[in-house]
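Undergrad: Sequence plus predicted model, see below.
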Amino acid sequence: MMPPPQVLFFAILAATILMFVWGRWRHDMVALGSLLACVAAGLVPAAEAFAGFGHPAVITVACVLVLSRGLQNSGAVDVLAQRVLPSSTGPTVAIAALTGLAAVLSAFMNNVGALALLLPVALQMAAKQKLPPGKVLMPLAFGSILGGTMTMIGTPPNLIVAGFRAEATDVGAFTMFDFTPVGVMIAAAGIVFVALTSRWLVPTRERTGVEGFDAGAYLTEARIPEKTKVAGKTLAEIEESLDEVDAQVVGIVRREVRLPSPSPHMKLWPGDILVIEAEPEALASGLSALGLKLEEDVRDEAAPAADDANPTAPADASEENQRAAPEDEKSEKEASASGEVELTELVVMPGSAILGRSATDIQLRTRFGINMLAISRQGSRSTARLRKMSVRAGDVLLMQGVPEGTSAFAATFGCIPLATRSLRIPDRSRALLATAIMALAIAGPALGLVSAAVSFAAGVLAVMAFRVVPPRAVYESIDWPVIVLLGALIPVAGAMASTGAADALATWLLESVAQGHPVAAVGVILVVTMTLSDFMNNAATAAVMCPIAIGSAAQAGTSADPFLMAVAVGASCAFLTPIGHQNNTIILGPGGLRFGDYWRLGLPLEIIIVAVGLPVLLLVWPL
């Protein structure tokens, strides 16, 4: 007969799982309800009810989302995406390459850090392959989890298991690569499976909102800077590179003269300006691939008062605007240096005051402190320079500047802001800075210098201090429902251990299923650990199951190593729910996924892990 606390806990757990599967309530609401039910039943002390929000796992997830935003916004992931993603291949090979890279990285660094590094790359790949984000993010998350099984530092359960071995046996802790033979086989089998089946087993979920509007192709100008790989190449060679990102050159400006139909054999040199037509998502990739700089950015660096110095500026420009220019330019520079500059798309409405006028005519930089980087005009092209191009109704303008300046311009000239887009203009200095911060944040826990939560929190402080992510955008980078989900369920998982419910469940399964057979007992330990890990923190699962594994080995009169390795594998391989592992939780929001989406790919993957892992485990670590 189970004690009343265990009965209460199993009733609450069953109701929680049913609510998650039902899907009528949002996952954070269900998690909060489960926590409050445990408090009301006396299973979680009221004083500790919200301790989960200060748990390192919650802090780590929030910080990883912010650091990922920094990598994405700075353009740091563009170079990585070009190297990782095959340029011309199908979804299966692309997913396999990305998932395999995640597994390798996760073997030598915190697997949450590996996922954070590759999350923006996965989103780019999903767009390129025309796949819903979840069909790429779930294989990526699973691959990063699988990779953690390959070394002792790959995941916290491995460290816990190694510690229990040191305390319970005379042979000491497991070493760095004791986990590798079993981990490599499991990871290889899992990666092949998810690459081949994820397109069909992961449900199609499109994120709702207005992010997917189509503004057509942009027409923008990019200058070839000094000391670049593009210099000396022919136009045909450059167009071949641009073809890979669905962009094309429609004109060249040399010495202020536009050549609308340049020869493919024409060589390009520093100072030449390429007029590029590209889709919004391809604009940043095209510039990054060739090392080009936006013409407006070059003009800002070389001649801050370009509008005033331009001989084509209208002669009747007001003295008030001229006097205001230095102060406006100073504020624009300060805003740019602080990282507060944003990219905004504005649609030109019929009757707008800007119709028939150009950026030079209205002195954008002088009056509003903003730049017009590109124009999207469906169905036609202009032969004029971008800053001299007359604006038409229906044009979409890509503006760069402080939000206040963009808003003032939109209000003055009758333009309507479109939905915020993830449009990145690569900045190599910030990309290097964002990459360095992420590398240092990952290095801390990977080298055992500091915990993952502290290291990633320091990384967030650094990206804020150096304005890689504007401070006011930091909290917008965090998926708060996911944070509430994790923070609420950590005390619930603690109640599972403190009431003895986890121990009772595992003991009952061992006695009922294994029936004294050592091989069956190892298999039961693996399956039970994997099941618990789907609903509990993986480190807590390992801590609960290790004493049971050691006791089972003692009763059977066999070595404890295969039992402990079964705990290590089972605690790490949580694929049925978004709460079993931090990486599953991180992709819940970006992938537009639901609680019940994970088991469709996760259940057959766990079956494969048991089928492959158990024989290999018993071969490498005999009873």
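TA: Now that the structure is in, tell me what you want to look at. Numbers count the residues shown, from 1 in each chain.
Undergrad: hey, let's count contacts and neighbours off CA atoms from now on
TA: Noted.
Undergrad: Give the buried residues for the host helix or strand of Ser241.
TA: Here Ser241 sits within helix 235-243, counting by DSSP states H and E. Buried residues in helix 235-243, counted by 16 or more other C-alpha atoms under 10 Å: Leu235, Ile238, Glu239, Leu242.
Undergrad: quick check, nearest of those residues to Leu119?
TA: Leu242 (23.9 Å; C-alpha to C-alpha).
Undergrad: My read is that the closest one contacts Gly286, right?
TA: Yes: look at Leu242 against Gly286 with C-alpha atoms under 8 Å: they come within range, at 5.9 Å.
Undergrad: does Thr220 count as helix, strand or coil?
TA: Here Thr220 is recorded as strand under DSSP: H, G, I helix; E, B strand; the rest coil.
Undergrad: I misspoke; the intended subject was Thr558.
TA: coil.
Undergrad: contacting residues for it?
TA: Shown in contact with Thr558 (C-alpha atoms under 8 Å, 6 or more residues apart in numbering): Pro518, Leu623.
Undergrad: Report the separation between it and Ala543.
TA: Noted for Thr558: a distance of 21 Å to Ala543, by C-alpha to C-alpha, to the nearest Å.
Undergrad: can you check Leu619 too?
TA: Separation of Leu619 from Ala543 (C-alpha to C-alpha): 25 Å.
Undergrad: So which of these two has more stuff around it?
TA: Neighbours were counted for Leu619 and for Ala543 using other C-alpha atoms under 10 Å; Ala543 has more, 18 against 12.
Undergrad: Okay, buried residues for the strand or helix carrying that one please.
TA: Using DSSP H and E, Ala543 sits within helix 538-556. Across helix 538-556, burial judged by 16+ other C-alpha under 10 Å covers 538-550, 552-553, 556.
Undergrad: Return the item of the residues you listed having minimum pLDDT.
TA: Within the set of these, pLDDT is lowest for Ala540 (67).
Undergrad: Can you classify the residue nearest to Pro225 when sequence neighbours are not counted by secondary structure?
TA: Distances taken as C-alpha to C-alpha, 6 or more residues apart in numbering place Pro270 nearest to Pro225, at 5.2 Å, with adjacent residues excluded. Assigned by three-state DSSP, the conformation of Pro270 is coil.
Undergrad: Over to Gly154?
TA: Criterion first, three-state DSSP; result for Gly154: coil.
Undergrad: Grab the nearest non-local neighbour of it.
TA: Gly148 (3.9 Å).
Undergrad: what number of residues lie near that neighbour?
TA: Summarising burial for Gly148: neighbours were counted as other C-alpha under 10 Å, giving 35.
Undergrad: Is it in contact with Leu159, as I believe?
TA: No: look at Gly148 against Leu159 with C-alpha under 8 Å: they stay out of range, at 11.0 Å.
Undergrad: what touches both of those two?
TA: Counting by C-alpha under 8 Å, 6+ apart, Gly148 and Leu159 have no contacts in common.
Undergrad: Helices along the stretch 501-623 of the chain, start to end?
TA: 501-509, 518-533, 538-556, 561-572, 582-586, 598-620 (DSSP state H, counting those that start in this stretch).
Undergrad: Single out the most deeply packed of those helices.
TA: helix 561-572 (a mean of 30; mean count of other C-alpha atoms under 10 Å).
Undergrad: and that helix, what does it pack onto?
TA: On a contact count with 3 or more C-alpha pairs under 8 Å, 6 or more residues apart in numbering; DSSP states H and E, helix 561-572 meets helix 156-168, helix 518-533, helix 538-556, helix 598-620.
Undergrad: and that helix with helix 156-168, angle?
TA: 150 degrees (axes from the mean of the first three to the mean of the last three C-alpha atoms, to 10 degrees).
Undergrad: Just the element for Leu398, please.
TA: Assigned by DSSP H and E, Leu398 falls in strand 396-401.
Undergrad: Tell me how far Phe10 lies from Leu71.
TA: The value you get for Phe10 to Leu71, if C-alpha to C-alpha is used, is 42 Å.
Undergrad: okay, those two: which has more neighbours?
TA: Taking neighbours as other C-alpha under 10 Å, Phe10 and Leu71 compare with Leu71 leading, 29 against 14.
Undergrad: Apart from its neighbours in sequence, what residue is nearest the more buried one?
TA: Per C-alpha to C-alpha, 6+ apart, closest to Leu71 is Ala434, 5.6 Å.
Undergrad: before we move on, what about Val44?
TA: Excluding the flanking residues, the one nearest Val44 by C-alpha to C-alpha, 6+ apart is Cys38, at 5.6 Å.
Undergrad: For the one you found, what is the enclosing helix or strand?
TA: Assigned by DSSP H and E, Cys38 falls in helix 27-40.
Undergrad: Name the next helix or strand following that helix along the chain.
TA: helix 56-74.
Undergrad: Which residue ranges of the stretch 151-300 of the chain form strands?
TA: Using DSSP state E, counting those that start in this stretch, the strands found in the stretch 151-300 of the chain span residues 218-223, 247-254, 257-259, 273-278, 293-294.
Undergrad: And this structure, split by domain according to the record?
TA: The record assigns the chain these domain ranges, following automatic domain parsing: 4-205+479-620, 216-302, 313-417.
Undergrad: Many thanks, we can stop here.
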